[in-house]
Structures are given as C-alpha cells and as structure tokens.
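# next input, structure requested:
(chains A, B, C and D)
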There are 4 protein chains.
Amino acid sequence: MKTHIAGSNATSIRFRGHDLVEELIGKHSFTEIFYLLTCGRLPNATETRVLDACLVTLMDHGWTPTSLITRLAYDSAPSQVQVGIAAGLLAVGDVFAGTMDGCAKLLAEGVGKDDKAAWCKEVAQAHRTLKKPMPGFGHPFHKPDDPRPPRLFRVAEEAGVEGRYIALLRQLSAAVDEVYGRHLTINATGALAALLLEIGMPLAIMRGVSVVSRSAGLAAHIAEEQKNPTARAIWAMVDEQIPYEDPPA
Amino acid sequence: MKTHIAGSNATSIRFRGHDLVEELIGKHSFTEIFYLLTCGRLPNATETRVLDACLVTLMDHGWTPTSLITRLAYDSAPSQVQVGIAAGLLAVGDVFAGTMDGCAKLLAEGVGKDDKAAWCKEVAQAHRTLKKPMPGFGHPFHKPDDPRPPRLFRVAEEAGVEGRYIALLRQLSAAVDEVYGRHLTINATGALAALLLEIGMPLAIMRGVSVVSRSAGLAAHIAEEQKNPTARAIWAMVDEQIPYEDPPA
Amino acid sequence: MKTHIAGSNATSIRFRGHDLVEELIGKHSFTEIFYLLTCGRLPNATETRVLDACLVTLMDHGWTPTSLITRLAYDSAPSQVQVGIAAGLLAVGDVFAGTMDGCAKLLAEGVGKDDKAAWCKEVAQAHRTLKKPMPGFGHPFHKPDDPRPPRLFRVAEEAGVEGRYIALLRQLSAAVDEVYGRHLTINATGALAALLLEIGMPLAIMRGVSVVSRSAGLAAHIAEEQKNPTARAIWAMVDEQIPYEDPPA
Amino acid sequence: MKTHIAGSNATSIRFRGHDLVEELIGKHSFTEIFYLLTCGRLPNATETRVLDACLVTLMDHGWTPTSLITRLAYDSAPSQVQVGIAAGLLAVGDVFAGTMDGCAKLLAEGVGKDDKAAWCKEVAQAHRTLKKPMPGFGHPFHKPDDPRPPRLFRVAEEAGVEGRYIALLRQLSAAVDEVYGRHLTINATGALAALLLEIGMPLAIMRGVSVVSRSAGLAAHIAEEQKNPTARAIWAMVDEQIPYEDPPA
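Numbering: from 1, shown residues only, chains lettered A, B, ... in the order given. As a prediction, this is how the structure comes out:
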C-alpha cells in the first residue's frame, strides 16, 4: 500500500509528485493546489476559474445551522478555534449545503444517455411520484429563482468549459417545470454539481468542496464572535422563547 | 445586535457589503473572499499572494493525526464526507498545525518594543528557564531546518510586505540559537504567524487559517481513500502491534 | 413551543417533571435517568436491567475506529478530553456500532404481521436478491456465532420482558439461514435492537444508546493513553507501512 | 506495547480481565462497568453510588450550548444521531460542564498540605489577586446557592466515602467567602470534583465523566427534537433578532 497525496523527509515535502517549497508555495493559489491534491494534476486556467467560483459561492449564507453551531461551540471552547469550525462543518449534511451529491449523481448518470429528453422526463416523473425532493432544485428562501446558478453558468461558459453537464441540468430543469406543473428553481448546489462535473471533480468528494468552502465562512464567524459576541444572547433567546414545562401527566 | 458577515433576501446575497452574485463570483478567488470575510475588506495583490502562500503551505503533510483520523472516520460514515473532514480537523490543536497562535502572540507583543534585541533575549531566556517550548521553533522531522520558512519569507518579501514581523522573527531566531546554545529551526507555523501578521490577519483567528488550509488536504485523503482504502489495514496493523492483554493482577 | 426535557430556576432543576435534587440524585442510577429523559418516565426493574445490559454490551470492543480516533485526537488536544471522545463517537456510524437502527426498523415492522413466517422469508429473500446486508446479522470476527446475543436474550427473559421482538428476531434468524443456505450469526446490534424494542426505546434514538455506551469506553481509552501513550507509535507505524510515493506518471 | 481496556477473539470479548458475556452483561450496571474500564477494577457499593450520583447530576441542564448545538446538528444530518450528539459534546469545554478539572487539580494538591487553613486562604487570595475565576465556585443562574452540592455531599457521606476532599472543599469555600468578602456558591462541578476524587477517579479523565453523562441528555434532546422540532424556529429567531447589515463604511 502507498499514498500519493503528500510525504516528506528531513529536507523536503512533496505534494502529488511536486516539491512543495520549490514548485508550489508562492507559485500557485490555494484553489490550484486543492485541485492538484484532489484531482491528481495541476488545473488549467478554465478549471481554476470554475473551482474558484464554486468555492466562493458556498462560503457563507449568513445565519445557518453551520454558523449558529460554530459560534455556540466557539463560545464554549474559545482557545480551540478548530473545535468551533469543525462543529459547524458537521452540519454540512444531507439537508443543507451538502446536497450537491444527489444532483451530481443524477447528472453523471444522464450525461451518457442517448435520449436525454426522455431521461429528464423520467427522472422528474419518478421523483414526483415518489414524493422525493428533486436534488439540486428548489430553495426555501430564494424564490422564484436562486440568483447564483445563472451567474455560475455564465462564469463557467466564459471560462471555457465544454458545457454538457450544464446543458443537461438546464434540460432537466425544463422537464421538472413541466412535470411538476410549476417552476422550481435550480439551486446553488445543483449548479455547483454541474460545474464541478465539468472540471472533473470526483463525484464522491463533491461535498468536500462545500466543506472546504464553508470552513472559510465559519472562520469569519469566529472572528466576528470574538469582537461582537452573540452566543450568550442566542442562548437567552431560546431559553425565553422555548421554555421548559413539566410534561403533561 | 447585528452581523456583518453575510445575509440574504429572496433575490440577493451579500458578503460584507458586496453583492455575491454581481461583484464576487467569477471575479475574485477563494483566497480573496476568505480575506474579505475575515478581515473586512478585499485584499490587495500583496495580501492575496501572501495568504495564498500560507494556505498552500499547511494543506497537507502526509500521514499526520489529521489524515489518519479523517480516513478512519470516513470509513465509518462513508455517506458523510463532512464527518470525515471535521473529525480530522479536531486534531488541528495545541500540538500540531494549530500552533501558530503562540508565535503570533509573541511577535505581536514584541513588535512594539523599543529595544527588540533585549526583548528577544528575554523571551528566549524565559522559555528556556521554564522549559516551555519556544512557539514557532523546532520540528521533530525537519532537521536541521524546516524548508518552508525561507521560501515563505522570500515570497512575502517579493510580494511587497512591510516586513517588520519577519524581521523580528529572524532576530528572535538568532537570540534563540544563542540562548539555547544550539540551532533550533524556525518552523512553518512560526513563519506563517509572521506572514499572517504582515497582512493584518486578526491574531485570534490564525488557527482558523490552518483549519481552512488543512480541510482541503483532508478532502484529498478522502478522495484517495475511496479508491485505495487504508482504514481497515490501519486498524488491523494496530490490532496486531498493540494487542490486548489482561491487566497484571 | 416548549421543551419537556429539563429546566431550571435559581433554586431548583427539573428533569421531566421531577426535581433533580430532591427526587433523583442519590435515588436513581444513571441508567434509570437516561431512560427517564429519553422515554419520558422512570423505568421499572425489568426495563432498567435490560437497558443496563444493552449499555454494558457496546461499551467497548478494543481497537476499533472509535478508539483509534479518540486516542489520536486526544494526543493532539490533550487539554480537551471532550474533543477526543466526540471525535471517536463520530465513527459510531452506518458501518460499525451504529447499525442497530436497520434491524430495529425491520422488527418494528414485522411484529405487526399476521403471518410472521412468511414475512421472515420475504425479508430474507429480498435482502439476498438485492445483495443488501441483513441488518443485525453477520460479524467479521465473531464466527460462527457472536457470543453476546444468547446472553442478552437470557438476561432480558429473566428480567421479564414480554419477548415478542426477541422471538421475531429468532424466527427471522432461522429464515435467514434457510434462504442464504448457510449460517449467519445474529450479531450484537441485532440483539440490542430487539431488547431496546422490548423496553419501548424510541426507534429513532437507538443509535443514541450505542453513542452513550461507547462514550464510556472512549473515556477509558483516554485514561489509558495518558499513562501508556500509543498515538505516536500508531502514526509511525502507518508512516512506515503505507509510505508516500510520487504518483505514477 | 499492550492495551488492557478490551480485546476479543472469535468467541469471547474481555474487558479488563473479565469475560464480558460470562461475567459482566446482566450482572453489572453501566455505571459499574464504566468504573471498571476507567479505574481498572469493579467498584464497591460506595463507589457505584457516588459515581451514579455524579453521572445523574450533569446529565442535562435544559437549554445550554450543548443542547442547542445537538438539535441544530441533528436537524442537518437526521440519519446520523451520533453526529448530533458528538457536535453537542464538543461544547463540554473550558467554559461549561467541563470545568471540574480545575477544581479537582486544586483539591488534589491541597489534600496533602499540613496547614490546610493557610493553603485555602492562599489559594483564594491568589485567584482574587489575579482576577482568575475560582474553579468550582460561582454560578450564573443558581444564586445564592447551587442546589446540587449539598445533596451530592449528603449522598456521598451516606454512601460511606472517607470525606477528606469534601471537607477540604468546604474549608476552601469558607476561605473564599472570607477573602472575597461575599458569598460564592460551591457549584455542581466543584462538588463533583470532590466526589470523583473520593472514589479514585483519575484526575485527567474527570471531564470525561461530564461527557459521558451529558451524552445521555443530548440523546434525549434528539428524541424530543424528532417529535417536536425546534431547530428551524431557533434559526428563524436568530435571523430576525440579529440581522445582517452592511458593514459601516
């Protein structure tokens, strides 16, 4: 057994076949080396631009379970910044921010179909019948449309991606609206799934992109919490609004 | 009470006074927006280059407690990539990778002293007397010198930082060697502390930079674990090498 | 909205309608109050005995991902015992120790069927056809039989449970052996699922019983790690056995 | 290297020299086996009673950072009960619930002093001078007195502990009131530190007792959250009370 991610000896450190000190530090951005480590080679300009756009998009969304948890956990272990961030990241789960997996799986499957129109309709129909949420569609707050996907598609197209996953997602969107009889927005995680597939990010690690991205936003929440604490106020608020009562007999 | 990190309404999302969709996605890198969210303004080219260098440096270091934990946790909850990464990040603690806080605190204190030479000697002396490790100095594997600091200093100087924290760290290093009577390398977290102070990163969030950086490396370990699993082999190895034995009577 | 778990004022604390100081501390065991908080009433002697047996069973299993992670995380943040334990608990997931959910869901469904023999056969057949693991059956190390289930059944029966979930699990076991054409042991999580259903533990919280139980074992691993450290040796072992190599060109 | 916690072979599992199936399951409570695993031998009736009292005391305290985090994290990863509990446990830190370490260290040191009265006064004086909180004293809500310590002392004394740590804590309490010129209550974590020292629990694992205890309360919060969800309401409440605003120019 071997690992090909990183290794070191007394005088040098290697990342995927590159010398960290000689070849990478000061010559490549965080985003490029993130691509190198996860995908196995340095990205070209198109890939870098798309990955940067994806990483920027999910970095934060104001008050969410992730930022609430991070601030509460930080307040309880203020010497351990990593604990606050890691606690918040645990909420990048099946419900929020971690949901690009499902859409990516669909697109990866559909892209190989000959009759894409038929496939799109079938997929929409199946989700509707089973009352399963359409992954990558719908948003509780951004209505009628999530503002991020159109911008992400434009950035990717201008950066020069081939575009077949984006095209398929748009085709699926039309089918969804038809089958459901109303408009469901493509949401940010849906768009991100398409963009990450365009640049060859492995399916199974996609949620990891959300995690890396959100870790930066959570660090910012800790920086603000240090100056303007909110955790005790949140605690007091909940205590007042959801009081304890003896259970009914 | 207010938050100034991020907020949204039905049609737009704002990050620190900027419209995410109109002004940030596709126009700025992950590194720039990380700086915006934590420091409160978009960075200039110097600051971006230095922060990228810092983020690349700590992204991975091969087998460490962080990567071991991430792979073991991922293997136990393979549908939850965020759990594997968050578990590993919990080990960016007081012992490994999270240690730039201590050095940054020292440098932030020393930079205002009139007689820096005297201060450096005092600090080195005090740590030696109390047998406390000098934060930012020494490395278990990289001997005699950690290869990363010289490169980081050069990148920062070429990028145009003012350089007073780097200068102070070098001065401190000379004092350390003199006081201890042997050479102790400046290590990567020491150098990073100096660079992050140069670009105005708040002291209290510095460990957060390690956390964000390492999250990317841990995502890569999960990507590799998916293709070439190691977790079960690690488990078996430990089981064999550190067997259970009934306690002595 | 209200909560009925616990609340306090300046002079008293209430747990589910009971005064903590006057009625609970010193009068009831941990196991009894765990039942009170999760199930909403104090348990009778049967329920207490069964829950104690369940909690003891999963407390530890030597080297597992949970204990490995806890020791590695503790070594990185030795001042934060809760971090070591919490990191290990993240591995009580879909693969190890957290697997009683699936078996409990099956038993809860089957117990209402009129023709239980037919249902058992169908369930075994369906899992075999879909090549899905039978939840609650099979064990990688304990062969031909996991030694815990027979003991757990005996304890529960002697304690006076009604026994219909245990009976159903035994019936299912016979069907499994017949359908698969070979013997698959009932494993500990399968037996625990049956026992916890016998005492009315809510289905959705069953994995929580494993988590509580395992937290105690992980505390013990930290106590041992403090005296006889293994984390650095584990790290060195992996470094040697799974070395870094530049990726193939 | 060896481990003495637990081990297994194909047909049996051993905990600290005892056969799990033959000797422990159904014969000993969770609390007894927790003591066995952490302290290395089965407890006597005194020790069991005291440890049960300690474990019951900290199991929950209504809305706290731990329960808030657990409910928010559970809502984001509802299939992963362990994630919700582990996230909440990360907040058993230096600020809440994890604070018995400090008091235990003091008591362990003071118990060997010849002139305990002088030592108590010195310790109180030193904390007051340095404006450091007295570990084990004071409570934000329970005023003038935390109701739990007197009950815990009585339980321990009735159970038959030797009582020297409890006596020392009471002596320290008198000194604190005198030195501070006002009454500071002994709080629950202070009392627990004394009780756990009475029964020989290793100093370094004490916070682990809080963690195990609180894990049970957090499981109960998840059980309630499943029936009566609060996470979305908490989120909405914070969103409304602490709105985003563009940063001041």
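
# residue closest to the middle of chain A?
A:S210 (2.8 Å; C-alpha atoms, centre = their mean).

# ok so that residue is a helix residue?
Yes - counting by DSSP: H, G, I helix; E, B strand; the rest coil, A:S210 is located in a helix.

# would you confirm that it contacts A:T57?
No - counting by C-beta atoms under 8 Å, A:S210 does not reach A:T57; the two are 9.5 Å apart. Quick note: C-beta positions are derived from backbone N, CA and C, even for glycine.

# mutual contacts of the two, please.
Both A:S210 and A:T57 are contacted by A:L192, under the criterion C-beta atoms under 8 Å, 6 or more residues apart in numbering or on different chains.

# how far away is the residue nearest to the centre of chain A from A:A159?
For A:S210, the distance to A:A159 equals 20 Å [C-beta to C-beta, to the nearest Å].

# return the residues in contact with the residue nearest to A:Q226 when sequence neighbours are not counted.
What sits nearest to A:Q226 in space, not counting adjacent residues and going by C-beta to C-beta, 6 or more residues apart in numbering or on different chains, is B:A204, at 5.0 Å. Shown in contact with B:A204 (C-beta under 8 Å, 6+ apart): A:81, A:222-223, A:226.

# can I have the buried ones of those as a PyMOL selection?
Only the buried entries of the contacts of B:A204 go into this PyMOL selection, using 16 or more other C-beta atoms under 10 Å in any protein chain shown:
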select buried, chain A and resi 81+222+223
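
# and the pLDDT at A:G98?
Note for A:G98: predicted pLDDT of 67.

# the one 4 residues further on now?
Among the per-residue scores, A:G102 holds a pLDDT of 90.

# flag every residue of chain A that's near chain D.
Applying C-beta under 8 Å from any C-beta of the partner chain, one finds that chain A approaches chain D through A:62-66, A:68-69, A:72-73, A:75-80, A:83, A:86-87, A:90-96, A:98, A:230-231, A:233-235, A:237-239, A:241-242, A:244.

# can I have the buried ones of those as a ChimeraX selection?
Filtering the residues of chain A next to chain D down to the buried ones (16+ other C-beta under 10 Å) takes a single ChimeraX command:
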select /A:62,63,64,65,66,68,69,72,73,75,76,77,78,79,80,83,86,87,90,91,92,93,94,96,98,230,231,234,235,237,238,239,242,244
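
# quick one, strands of chain A?
Taking DSSP state E as the criterion, chain A contains strands spanning A:6-8, A:13-15, A:18-19.

# buried ones in the first one, by neighbour count?
Of all the residues in strand A:6-8, those buried under the rule 16+ other C-beta under 10 Å are A:6-8.

# listing partners with orientation, what would you give for it?
Its sheet considered, strand A:6-8 pairs with strand A:13-15 (antiparallel) by DSSP bridges.

# quick one: contacts of the strand it pairs with?
Contacts of strand A:13-15 (C-beta under 8 Å, 6+ apart): A:5-8, A:19-21, A:24, A:33, A:36-37, B:59-62, B:147-148, C:244, C:246.

# for PyMOL, what selects the buried ones among these?
Of the contacts of strand A:13-15, the buried ones can be selected in PyMOL as follows, counting by 16+ other C-beta under 10 Å:
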select buried, (chain A and resi 5+6+7+8+20+21+24+33+36+37) or (chain B and resi 59+60+61+62+147+148) or (chain C and resi 244)
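
# among the contacts of strand A:13-15, name the ones in helices.
Using DSSP state H, the members of these that fall within helices are A:33, A:36-37, B:148.

# include pLDDT when you put those residues into CSV, please.
Listed next are those as CSV, based on pLDDT from 0 to 100:
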residue, pLDDT
A:I33, 98
A:L36, 98
A:L37, 98
B:R148, 96
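
# might you list the low-confidence residue ranges for chain A?
Within chain A, the ranges that satisfy pLDDT under 70 run A:97-98.

# also within reach of chain C: list those from the residues of chain A next to chain D.
Within the residues of chain A next to chain D, those near chain C by C-beta under 8 Å from any C-beta are A:77, A:79-80, A:83, A:90, A:241-242, A:244.

# nearest to chain B among the residues you listed?
A:L90 (5.0 Å; C-beta to the nearest C-beta).

# contacts only, for A:Q80.
Contacts of A:Q80 (C-beta under 8 Å, 6+ apart): B:93-94, C:77, C:80, C:83, D:93.

# what of A:R148?
Residues in contact with A:R148 (C-beta under 8 Å, 6+ apart) are A:57, A:187-188, A:191, B:13, B:20-21, B:25.

# so it versus A:G88, what's the distance?
21 Å.

# neighbours of A:K113, how many?
14 (other C-beta atoms under 10 Å in any protein chain shown).
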